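J.: show me how the following folds:
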Amino acid sequence: MGIVTSSRRHVWRDFYLWLRHLLWENPYQDWLLATLLMINLLGSIYGYYWYHEQLLATPWYWWPFTPDSPLATTLFTLALFLALGRRESGLLRLVAAIAVMKYGLWAMVIITDFWRAGAAVTPVEAGLWLSHLGMLVEGYLFLRHWPVVPWQLGVIAMWLIINDFVDYGVGLHPYLFLPGQEDLALVTAGAISLAAILYLVLRIKWPSRAGKRGTGNE
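T.: Coordinates of the predicted model:
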């Protein structure tokens with residue numbers, strides 16, 4: 001019995017070490033990139049369907065700012081595609097990671113508030129919550145490996161500010177689950193944007209005295 005228990009412990013330890021190496025230390029495995037690419041692609045397609053009524057009610061020139069989550073996963077899909085071909089864009093991958101993290105966490109907050117208000121936990125909302133948790137996790141697992149240079153920080157900060165202005169200044173934020181969630185949605189989006197900018201500031205690679213920039217500024 002003791003030998004069996006010890007063997008199981010070794011199996012679980014080896015599995016933990018393998019999973020940590022894969023997800024935390026080196027997620028750049030082709031099979032993982034391809035798997036996540038397909039998941040994000042399918043999620044994007046479903047996301048656009050989810051937003052189809054709002055898109056039909058929105059002027060076409062605002063569409064790039066309307067379906068926040070599927071646009072984020074579309075960007076992440078493209079970033080993964082380029083990573084598979086080893087032709088990455090430093091700016092694209094940073095924008096994609098920040099986008100899936102921001103709108104993944106934002107949606108989780110809004111859905112959780114919906115449940116706290118007394119709504120039933122149905123498979124649809126539970127699936128949305130879990131899928132957006134996946135967006136948050138995948139974004140961070142890759143983002144932590146990517147350096148940031150000053151000009152990229154400026155572009156991303158501007159992109160976050162513009163998106164929040166369009167959502168809550170123009171009023172094109174995603175449809176909410178309950179009346180009265182507007183303030184929560186606004187505060188959550190603004191807080192996440194600010195946190196993302198501060199995180200990138202801490203990660204920034206400043207030019208050396210010799211004028212050389214860090215990697216990832218392609």
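J.: in whichever strand or helix holds Ala185, what's buried?
T.: In the assignment (DSSP states H and E), Ala185 maps to helix 182-203. Residues of helix 182-203 classed as buried: 185, 188-189, 192-193, 196, 199-200 (neighbour count, 16 or more other CB atoms under 10 Å). All C-beta spots, glycine's among them, are computed from the backbone N, C-alpha and C.
J.: what of stretch 48-56?
T.: Neighbour-count burial for stretch 48-56 [16+ other CB under 10 Å]: 48, 50-51, 55.
J.: stretch 20-32 too?
T.: 27, 32.
J.: and it, how far out from the chain's middle?
T.: Distance of stretch 20-32 from the chain centroid (CA atoms, centre = their mean, to the nearest Å) equals 17 Å.
J.: re earlier: packing partners for the helix holding Ala185?
T.: helix 90-116, helix 150-165 (3 or more CB pairs under 8 Å, 6 or more residues apart in numbering; DSSP states H and E).
J.: neighbouring contacts of that helix?
T.: 94, 98, 101-102, 105-106, 109-110, 113, 147-148, 152-153, 156-157, 160-161, 163-164, 167-168, 173, 176 (CB atoms under 8 Å, 6 or more residues apart in numbering).
J.: closest to Gln29 out of the buried residues of stretch 48-56?
T.: Tyr48 (28.4 Å; CB to CB).
J.: thinking again about what came up before, dump the helices and strands packed on helix 182-203 to TSV, plus mean pLDDT, mean neighbour count and distance to Leu71.
T.: Shown next, in TSV, are those (pLDDT from 0 to 100; neighbours: other CB atoms under 10 Å; distance: least, CB to CB, whole Å):
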stretch	mean pLDDT	mean neighbour count	distance to Leu71
helix 90-116	97	21	7
helix 150-165	96	16	9
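J.: I'd like the ones you listed laid out as JSON lines, including distance to Gly134.
T.: Shown next, in JSON lines, are those (distance: least, CB to CB, whole Å):
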{"stretch": "helix 90-116", "distance to Gly134": "7"}
{"stretch": "helix 150-165", "distance to Gly134": "21"}
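J.: go through those helices and name the closest to Leu75.
T.: helix 90-116 (3.9 Å).
J.: can you name the next helix or strand after the closest one?
T.: helix 123-143.
J.: so what's the gap between that next one and the chain middle?
T.: Counting by CA atoms, centre = their mean, helix 123-143 comes out at 8 Å from the chain centroid.
J.: what's the answer for stretch 66-86, then?
T.: On CA atoms, centre = their mean, the centre of stretch 66-86 falls 10 Å from that of its chain.
J.: residues of that stretch that come out buried?
T.: Taking 16+ other CB under 10 Å as the criterion, stretch 66-86 shows 66-83 as buried.
J.: among these, which lie within helices?
T.: 68-83 (DSSP state H).
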